[in-house]
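**Student:** sequence and computational prediction follow.
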Amino acid sequence: MAMNQNERDLVLTTIEGARKALIEAKGVYERNRAGEIPNAFLDVHQTLPLAEYTLQRVETFVSEYHDCLTGQDLRSPVGICQRTANNMLVLFRDVLSSHDSQRPETYRRSARGQGDVRQHRIKFQMRTLLVNIMKMIQIVDNCPAFDAQGQRAVAMDRNRVDELTETIRRLSDIPSSLTEDNSGHSFSHYGTGNVIANSGGGPQNNNVGDGSQYNADTQNFNGGSG
């Protein structure tokens, strides 16, 4: 069944929302590009123009040829595109607005706040976005639409599709800038005897997360000088 006006408007509004999120993410990067930036953000930033352009092309196609498309087919990938674009914008804002030295930890905390750290890394979000853009392209290219000259209309030229495919593959190969472990580290010692922790230099952080810390008897801190 062909897409009605309400479905068309909803799809176009959702695509436009995803595009605006990507454009804003690019602006956040440009305003905060100084200093140390996690490598994954550098790679994703380079991909933002491709993602925004391909979304715009799909948006134009849907606007012109909606009468041969079904809203049900597009609803899922369009919704995922908007959600992942918004997630990436949050990550760009949180991480790049923080101080250089705090960016790795801010990245970890922001990704964890969105859910499973592994599924909310910036490169995972971009890859998910591009995969669903590809799904939309496949859907609209199966639409029997023709332009004013009677030629079969396609949302994207072959070179762009190849570029999308290669970018998806490349993002899968980028090493993570984020520790994927969602939990902290536990250390237990029962009974008598000495416990030697961090006998060298550097800070020692105890119970910096949630939960209680129990200390009994005598504890000596700062055993060295200074």
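**Tutor:** That came through, no problem.

**Student:** next, count neighbours for the nearest residue to residue 131 once chain neighbours are set aside.
**Tutor:** Nearest non-adjacent residue to residue 131, counting by CB to CB, 6 or more residues apart in numbering: residue 168, 6.2 Å away. Where C-beta positions appear, they are placed from N, C-alpha and C, glycine not excepted. Counted with other CB atoms under 10 Å, residues neighbouring residue 168 total 18.

**Student:** just give me how far the helix or strand where residue 139 lies sits from the chain centre.
**Tutor:** Here residue 139, judged by DSSP states H and E, is contained in helix 122-141. Centre-to-centre, helix 122-141 and its host chain are 12 Å apart (CA atoms, centre = their mean, to the nearest Å).

**Student:** hang on, the earlier thing: average model confidence for the helix or strand hosting the residue nearest to residue 131?
**Tutor:** Using DSSP H and E, residue 168 falls within helix 158-173. Taken as a whole, helix 158-173 has an average pLDDT of 89.

**Student:** from residue 58, how far off is residue 138?
**Tutor:** The spacing between residue 138 and residue 58, counted by CB to CB, to the nearest Å, is 11 Å.

**Student:** now the helix holding residue 168, how far from the chain's geometric center?
**Tutor:** Using CA atoms, centre = their mean, the offset of helix 158-173 from its chain centre is 17 Å.

**Student:** could we number from 730 for the rest of this?
**Tutor:** All right, first residue 730 from here; so that's helix 887-902.

**Student:** coming back round to it: tell me the contacts of the residue nearest to residue 860?
**Tutor:** When contacts are counted by CB atoms under 8 Å, 6 or more residues apart in numbering, residue 897 touches 856, 859-860, 863.
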